[in-house]
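>>> just coords:
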């Protein structure tokens, strides 16, 4: 594929998929039939280039309808958007959920990441492939984490067509996964989001109190349980008052970086350049993380309300919700919630009759862990490869489309609702002085009751594991996911705060707590982590692009060798790990060595 358009033509279905998104072409320069188009003029130039951000939705439209993206379909989309085909090809091949090679219309994604690997994902894949056999019309693909860790092992079937159909099988058996792939409409009903919340219905909960109590499809039910009280309070306080409350509450980002939310909002609001944008990062792709999915599926109106408050405080009138492509039910729930809010005057040109305009647009990811990094996410929305940008400038100055942008994840945003309803002092009294408020923890692996747990900051790892029912023979606990670190079973007195885990030489990250008993082969687990980072590195910077490969190679050799040879490879791992940590552009490369290092130093993984 080069910079030039080829001779391939789109099929009628491919053309229809693109036209359904972009509308019919206006001239033959855009791909209209020459028999009814005027060749003397073309709509293009700046107007067409300003639609570059529709490239990712266009690729989704083709992939959803056909199951893969042909050269003819890509050419047609590029003509419509005035995007060089080589650049569009680079974007299409960046995402794991797209294919530029022919494949069956049905794809069955089987998770082989940490929680699912420990639950027998390899045997599940082998059984599915043996049952389907060649020529089944189903492509079985081994997938990174699907965000269904509480129901491991998991599988997601996607059947292309108009409309695209999806089915989730979790916990998956060979029979259920094959049924989901061959007849998505006949697959078993997915359990309610509340099933992922062992504490569901507990009146002491703050963030999860509506999950399992409120009908996620009913705006009236949401309002009857306190919904939109926080937004009304925000309009009473004014933008500066909202930011002051968030700042006084001590709320920090819940995605892992723990940056003070009030400072981020204030920095964005004070920028003279306009427009301002709000981006909700719902691309939780860290293995072991599924808290945002549960909120979006079980309490979607809370996220819509929280985004409206954040936008009002920072002077934004447009919000983008970047949702990972592996969450079909969350997509349906949020589309419904946004439409209901819009119809009832809670989004649109005059929110709650206050003269404030705000609306939300959902953008789907397509399987790229790196897009969880905020600037990579901006590039993805804009229609470019999801590669991180160098900082500065920071997003509060130049973010999405080069304008001031505030970016928060789902959990961070929904924390704003109790801050405004109970007041900053009461919220700050929860947790500890440096880590305030409640925190959601994603517990999976060798526990009796996996799921999302809400605890105040300061609870210990042991208290959380006791709630989840840790099994006999605990070997290790992984905190923070693949980018986090392992701790030993005798270290469960670690307080679950940002400062407490830091003092213990590990990380809280996004709240992943994954328990492994002595039946799980630790070397194979570390190798899976290395494979994950090798696959998910965007390849932009040399330390990460090369270092993740060298890390995986060394771990393969260590498993096969012992003694001095293994010691040499461990020394090499340390050197490569330091280089990645010091010189990588973004957090992926900087943290790719963390889990392996902790397993060697704390667990004696290869002794």
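Done, it's in. For clarity, every value in this text was computed on a predicted model and none was experimentally measured.
>>> Can you show me the strands along the protein?
106-111, 138-143, 155-159, 165-169, 276-282, 316-323, 359-364, 405-409, 438-445, 451-456, 474-479, 485-487, 512-517 (DSSP state E).
>>> Which secondary structure elements does the shortest one sit against?
Just to be clear, that refers to strand 485-487. The elements that strand 485-487 packs onto, with contact taken as 3 or more C-beta pairs under 8 Å, 6 or more residues apart in numbering; DSSP states H and E, are strand 474-479, helix 594-603. Backbone N, C-alpha and C define where each C-beta goes, glycine included.
>>> picking that back up, which one of the strands of the chain lies closest to residue 501?
With C-beta to C-beta as the measure, strand 474-479 is the member of the strands of the chain nearest residue 501 (6.5 Å).
>>> ok, residues contacting that closest one?
Identification of contacts with strand 474-479 by C-beta atoms under 8 Å, 6 or more residues apart in numbering yields 114, 288, 445-446, 461, 465, 484-489, 491-492, 501, 506-509, 512-518, 520, 522, 595, 599, 603.
>>> With stretch 141-149 instead?
Stretch 141-149 is contacted from outside by 96, 107-116, 125, 154-156, 168, 170, 284-290, 293, 324, 326-327, 367, 369, 442, 444, 450, 514, 532, 535-536, using C-beta under 8 Å, 6+ apart.
>>> Please indicate which of those residues are buried?
Neighbour counting by 16 or more other C-beta atoms under 10 Å classes 96, 107-116, 125, 154-156, 168, 170, 284-290, 293, 324, 326-327, 367, 369, 442, 444, 450, 514, 532, 536 among the contacts of stretch 141-149 as buried.
>>> Could you pull up the contacting residues of residue 137?
By C-beta under 8 Å, 6+ apart, the contact set of residue 137 is 104-106.
>>> now with 7 Å?
Shown in contact with residue 137 (C-beta atoms under 7 Å, 6 or more residues apart in numbering): 104, 106.
>>> on that earlier part again, of the contacts of strand 474-479, keep whichever come out buried.
Buried members of the contacts of strand 474-479, counted by 16+ other C-beta under 10 Å: 114, 288, 445-446, 461, 465, 484-487, 489, 491-492, 501, 506-509, 512-517, 520, 522, 595, 599, 603.
>>> What ranges does the stretch 251-400 of the chain have for its helices?
For the stretch 251-400 of the chain, helices defined by DSSP state H, counting those that start in this stretch occupy the ranges 261-269, 291-298, 300-314, 328-343, 374-382.
>>> now stretch 470-481, how far from the chain's geometric center?
24 Å (C-alpha atoms, centre = their mean, to the nearest Å).
>>> likewise stretch 452-461?
For stretch 452-461, the distance to the chain centre is 22 Å (C-alpha atoms, centre = their mean).
>>> With stretch 167-181 instead?
So, by C-alpha atoms, centre = their mean, the centroid of stretch 167-181 is 23 Å from its chain's centroid.
>>> do the same with stretch 119-130
On C-alpha atoms, centre = their mean, the centre of stretch 119-130 falls 25 Å from the chain's centre.
>>> Which among the strands of the chain is found nearest to residue 298?
strand 451-456 (9.4 Å).
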